[in-house]
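Asks: Provided below are the primary sequence and the corresponding predicted coordinates.
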Amino acid sequence: MGMLATIINSLAFESEIRRLGAKARVFTSIRMEPVGELYNRDKVIEALTSKTICILSGGTGNPFFTTDTAAALRAVEISADVLLKGTRVDGVYSADPEKDPKAERFDEISFQRLSIKD
């Protein structure tokens, strides 16, 4: 459900970008033309080169991977300069702050710190 929700959101985002006068294309991780084009790294880079905003949605198309993982994977694949992530929380926490009131917010964190299991 979450993966499909990202596609629905991407279509709304694409519509707004186009309404503002910019070019935009939606790429999805699973085949769903004409809703969006199937993700293809080379097509995305080609579109970006022609100044088209590319919205990559639907996760990786594989189970057991979060949409955050997909965003990081796609960003690396296309050599993105920046990865923007929308969320309901204001940072990185030790647990889900919406479920755990004792969740600790990290102002700074390293990979090494994240890798340590308490």
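Replies: Okay, I see it.
Asks: which other residues reach the longest helix anywhere in the chain?
Replies: As assigned by DSSP state H, the longest helix anywhere in the chain is helix 2-19. When contacts are defined by C-beta atoms under 8 Å, 6 or more residues apart in numbering, helix 2-19 is touched by residues 24-26, 28-29, 32, 35-36, 53, 55-59, 67. C-beta: built from backbone N, CA, C; applies to glycine.
Asks: sort out which of the residues you listed are in strands and list them.
Replies: Under the assignment DSSP state E, the contacts of helix 2-19 contribute 24-26, 28, 53, 55-57 to strands.
Asks: of those, just the buried ones, PyMOL syntax please.
Replies: Here is the PyMOL command that selects only those of the ones in strands among the contacts of helix 2-19 that count as buried (16 or more other C-beta atoms under 10 Å):
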select buried, resi 24+25+26+28+55+56+57
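Asks: centroid-nearest residue for the chain?
Replies: Nearest residue to the geometric centre of the chain (C-alpha atoms, centre = their mean): Ala71, 3.7 Å.
Asks: quick check: that residue vs Ser10, distance?
Replies: 12 Å (C-beta to C-beta, to the nearest Å).
Asks: return every residue with contacts to both of these two.
Replies: Going by C-beta under 8 Å, 6+ apart, residues that sit against Ala71 and also against Ser10 are Leu56.
Asks: ok so, going back, with distance to Asp96 and pLDDT added, can I get the ones in strands among the contacts of helix 2-19 in CSV?
Replies: Listed next are those as CSV, based on distance: C-beta to C-beta, whole Å; pLDDT from 0 to 100:
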residue, distance to Asp96, pLDDT
Ala24, 32, 98
Arg25, 33, 97
Val26, 29, 97
Thr28, 27, 96
Ile53, 31, 96
Ile55, 26, 95
Leu56, 24, 94
Ser57, 23, 93
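Asks: okay, the ones in strands among the contacts of helix 2-19 in JSON lines with distance to Val89 next?
Replies: Listed next are the ones in strands among the contacts of helix 2-19 as JSON lines, based on distance: C-beta to C-beta, whole Å:
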{"residue": "Ala24", "distance to Val89": "27"}
{"residue": "Arg25", "distance to Val89": "29"}
{"residue": "Val26", "distance to Val89": "26"}
{"residue": "Thr28", "distance to Val89": "26"}
{"residue": "Ile53", "distance to Val89": "26"}
{"residue": "Ile55", "distance to Val89": "22"}
{"residue": "Leu56", "distance to Val89": "22"}
{"residue": "Ser57", "distance to Val89": "21"}
